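Undergrad: here is a sequence with its predicted model. Questions after.
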Amino acid sequence: MQKDLNYYINRFTNLNVNTVGGKAPYQPLLLLSVIELIEQRLIQENKIYLSLELISTFAKFRSQLSTPYYQADLAQPFFFLSRAKNPFWYLQPKPGFENVLESGVKLNRLSLLRKNIDYAELDDELFDLLKSPINRAALIVAIASKCFSEKIEQVQSLFQIHSFQDIRYSLRESGATYSTNEMSEKEVKEFEDIVRDATFRRNVVSLYGQRCAFCKLRIISRDSGDIVDGAHIKPFSRFKDDSYTNGLALCKNHHWAFDHGWFSIDDDYRIIIPADRFIEEPPEESKRMQEFNREQIHLPDQSDFHPRSEALAWHRDHWHIA
């Protein structure tokens, strides 16, 4: 059979998708991540390493497109994609570990993969196809239509958000340095937590144009820093929901105020400020917080990323704001 674009469209749309606890399409998410890194020219040869860029890009797609019920790490699809019928994804063992793949051992943990596997590679025909923007777009649409039929526009929008570039600032802030060849399982988890936190913050802030949804303040430093946070509407610690529709871009003051129920937002995206929550004494020339009551918040240009009504309703109910 000729391995042309139609062949790989068929293969991509017949991948294994775990449905335990809700749809968990980790193999399609991995392929979307690889396509993005090829598009960014971060993968330029047919060798796909367990790099920080791949981990962070996979985390971005996973947080937005899969169920929060169970969030597998990159090791699961990286290994099991090589076990597919009529595979196009192959694992290349490190020197001296050639017998590991033949032994039948499941290398479905990052520590095992890093110890035994050097990199993965695609069919040469597929890698050549992915060099073309037209072919990449066709394969992205095929994956989105099959696995994320209700989120096709969101899948395409996520390709405009470059996760690893966005988390470098947070990695510098934390003082953390990581190399996938040396990371322990604990360090992998720590890195994924930093990726999750930083990706959510930077991407939500980016979607809002670095502007506070409440007061519309936008200040950017010369080194691209800003004073706006990515705020969860429903707290991540309780709901494990890092979808951007569970987020708002808020400056430090209004992030704190939102998290403490000093204001909420209605389904028409208008600010609700209870009259009895605080006393304010602003300078004469400053706008009082109460004056923002009933104003519409600043929103992302793309409606797919507007705050979910269900999340806003939870916040109003939790803080008893009518």
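TA: Thanks, I have the structure now. Numbering: from 1, shown residues only.

Undergrad: and the spatially closest residue to Ala213 that is not a sequence neighbour, how many residues sit next to it?
TA: In space, and not counting its chain neighbours, Ala213 is closest to Ile297: 4.2 Å by Cβ to Cβ, 6 or more residues apart in numbering. C-beta: built from backbone N, CA, C; applies to glycine. Number of residues near Ile297 (other Cβ atoms under 10 Å) recorded here: 22.

Undergrad: assess the claim that Ile297 and Ile265 are in contact.
TA: Yes: under the criterion of Cβ atoms under 8 Å, Ile297 makes contact with Ile265 at 6.1 Å.

Undergrad: shared neighbours of these two, which are they?
TA: Common contacts of Ile297 and Ile265 (Cβ atoms under 8 Å, 6 or more residues apart in numbering): Leu248, Ile271.

Undergrad: quick one: the strands in this protein?
TA: Listed in chain order, the strands of the chain (DSSP state E) span 89-93, 117-122, 228-232, 247-251, 264-265, 271-272.

Undergrad: which residues touch the fifth one?
TA: In other words, strand 264-265. By Cβ under 8 Å, 6+ apart, strand 264-265 touches Leu248, Phe258, Ile271, Ile272, Ile297, Pro307, Leu312, His315, Arg316, Trp319, Ile321.

Undergrad: rerun that using 7 Å as the cut-off
TA: With Cβ atoms under 7 Å, 6 or more residues apart in numbering as the test, strand 264-265 has contacts from Ile271, Ile272, Ile297, Pro307, Leu312, His315, Arg316, Trp319, Ile321.

Undergrad: quick revisit: next, work out how far apart the residue nearest to Ala213 and Phe305 are.
TA: Ile297 sits 13 Å away from Phe305 when distances are taken as Cβ to Cβ, to the nearest Å.

Undergrad: most packed of the strands of the chain?
TA: Across the strands of the chain, the average number of neighbours (mean count of other Cβ atoms under 10 Å) peaks for strand 247-251, which reaches a mean of 27.

Undergrad: that one: partners in the sheet, and parallel or antiparallel?
TA: Here strand 247-251 has these sheet partners by DSSP bridges: strand 228-232 (antiparallel).

Undergrad: show me where the chain dips below the pLDDT cut-off.
TA: Where the chain drops to pLDDT under 70, the residues are 18-24, 68-71, 161-192, 195, 223-224.

Undergrad: could you chop it up by domain?
TA: Annotated domains of the chain cover 5-163, 169-207, 228-318 [automatic domain parsing].

Undergrad: which pair in the contacts of strand 264-265 spans the largest distance?
TA: Ile297 and Trp319 (16.4 Å; Cβ to Cβ).

Undergrad: enumerate every residue touching Ala231.
TA: By Cβ under 7 Å, 6+ apart, the residues touching Ala231 are Gly247, Leu248, Leu250, His255, Phe258.
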